[in-house]
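Novice: just need the structure, nothing else, for what follows:
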Amino acid sequence: MIDYRQSGVDVEEGYRAVDNYKESARRTMIPGVLNGLGSFAGMFQVPAGYTEPVIVSGTDGVGTKLDVAFALRKYDTVGIDCVAMCVNDILCHGAKPLFFLDYVACGKLDANVAGDLVRGVSDGCLLSGAALMGGETAEMPGFYDAGKYDIAGFAVGIVEKSRIIDGSKIREGDVLVGVASSGVHSNGFSLVRKLVTDYSEPFGGKTIGEVLLEPTKIYVKPVLSILEKVDVHGMVHITGGGFYENVPRMYPSGGVHGGGKDARLVSVIKNGSWPVPPIFGELVRRGADPSRMFNTFNMGIGFVIALAKEDAPAAIASLGADGFPAYAIGRVASGTEDVVFE
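Specialist: Have a look, this model is predicted:
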């Protein structure tokens, strides 16, 4: 005879993990939440005041950055990354996050580790103004290696239909405002892990592992503030694929054609217009291809906003006042290449 625990699933540890989650979720409760953890589904009432509310959703995970957390035995920040990857994406369309769901999977559940992971999710929800409505913890012995966890999430936001940002307002001459990242964020870690094998090495007054584990910035609150002050034409979250893959995504499908037969609106980025965090130079020193850095990493800019030239100074000042350094990093021009550095 064999029971579930003998097969490798500890139901009692699962109960302890849920108890740890409840306080994390309780911290994030906002108006609109109709029930707490423990039900079969979370319920949220659509806020009043919208004429044509549009629900906006996004999902993502943390990726192999988790290996750094495992190596350092520090699990309480990668949950912030998980939230950031989702809410920063839906923010690109002007959406205000409403609630978040998480998914934690492992081979052998440790309620304390899982509790730290979800506490980070709770911190990320607080930074974005979203409620942590629920989630799932999956213990799968023999499927995940002992001590390894995966974490992913799903964010739901809302925006008035007339205020959706889809890039259709972007025009030639618009300024591109770049908002500083906190470092590598959560992308490119398959390469990072090839280059950095000892996370205890000193770097910049910390260990390099601590620098790499710095959580992804959540841009929701300062950017929502800007949307109330100026007319934003387009926004993009710089994630996997760096500048070259992500910046073109803020333009409407097919682009807005400019001067020549094959010309369209493109992004011209000015080299040296913002400080690049030292960690990226260190990765190049360790062997990363310098010609591919902008194809892989955010290079110190985690979010880009396109807006009229006359509105750029106000946006930069507002972001700076909120603790998010920002810079005029380029412009929208007519051309044939999606992203051009000059």
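Novice: low-confidence ranges in the chain?
Specialist: 1-11, 253-263 (pLDDT under 70).
Novice: could you chop it up by domain?
Specialist: 11-163, 175-341 (automatic domain parsing).
Novice: ok, Ile218 touching Asn88?
Specialist: Yes: using Cβ atoms under 8 Å, Ile218 is in contact with Asn88, at 6.6 Å. Yep, even glycine has a C-beta here, placed from its N, CA and C like the rest.
Novice: list the residues that contact the nearest residue to Gln45 once chain neighbours are set aside.
Specialist: Once flanking residues are discounted, Gln45 sits nearest to Gly32: 4.9 Å by Cβ to Cβ, 6 or more residues apart in numbering. Contacts for Gly32 (Cβ atoms under 8 Å, 6 or more residues apart in numbering) come out as 44-47, 98-99, 131.
Novice: in those, find the pair that's most separated.
Specialist: The largest separation in those, counting by Cβ to Cβ, is between Val46 and Ala131 at 13.3 Å.
Novice: closest to Lys169 out of the domains of the chain?
Specialist: For Lys169, the closest of these is domain 175-341, at 4.0 Å, according to Cβ to Cβ.
Novice: what ranges do the helices span in this structure?
Specialist: In the chain, the helices defined using DSSP state H lie at 11-26, 66-72, 78-91, 111-128, 189-195, 208-213, 220-227, 242-246, 278-285, 293-296, 312-321.
Novice: could you save these as CSV and add columns showing mean neighbour count?
Specialist: Formatted as CSV, those follow (neighbours: other Cβ atoms under 10 Å):
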stretch, mean neighbour count
helix 11-26, 16
helix 66-72, 19
helix 78-91, 28
helix 111-128, 24
helix 189-195, 17
helix 208-213, 21
helix 220-227, 20
helix 242-246, 20
helix 278-285, 17
helix 293-296, 20
helix 312-321, 17
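Novice: make a markdown table out of those helices and add distance to Val266.
Specialist: Shown next, in a markdown table, are the helices of the chain (distance: least, Cβ to Cβ, whole Å):
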| stretch | distance to Val266 |
| --- | --- |
| helix 11-26 | 44 |
| helix 66-72 | 35 |
| helix 78-91 | 22 |
| helix 111-128 | 31 |
| helix 189-195 | 27 |
| helix 208-213 | 32 |
| helix 220-227 | 23 |
| helix 242-246 | 12 |
| helix 278-285 | 24 |
| helix 293-296 | 15 |
| helix 312-321 | 18 |
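Novice: wait, which of the ones you listed is closest to Thr51?
Specialist: Thr51 sits nearest to helix 220-227 of all these, at 16.8 Å, using Cβ to Cβ.
Novice: for the closest one, list the C-alpha coordinates in CSV.
Specialist: C-alpha atoms of helix 220-227 as CSV (Å, rounded to 0.1, in the frame of the first residue of the first chain):
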residue,chain,number,x,y,z
VAL,A,220,3.2,51.2,-13.4
LYS,A,221,2.6,54.0,-11.0
PRO,A,222,5.0,56.6,-12.5
VAL,A,223,3.8,55.9,-16.0
LEU,A,224,0.1,56.0,-15.1
SER,A,225,0.8,59.4,-13.6
ILE,A,226,2.3,60.6,-16.9
LEU,A,227,-0.8,59.5,-18.8
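Novice: ok, residues contacting it?
Specialist: Around helix 220-227, the neighbours that count as contacts under Cβ under 8 Å, 6+ apart are 87-88, 91, 94, 96-97, 127-129, 163, 179, 232, 235, 303, 305, 315, 318-319, 322-324.
Novice: how much space separates the residue most central in space within the chain from Ile218?
Specialist: The chain has Met85 as the residue nearest its centroid, 2.4 Å off, counting by Cα atoms, centre = their mean. From Met85 across to Ile218, the span is 10 Å (Cβ to Cβ, to the nearest Å).
Novice: and Ser334, how many neighbours?
Specialist: Neighbourhood size, Ser334 [other Cβ atoms under 10 Å]: 16.
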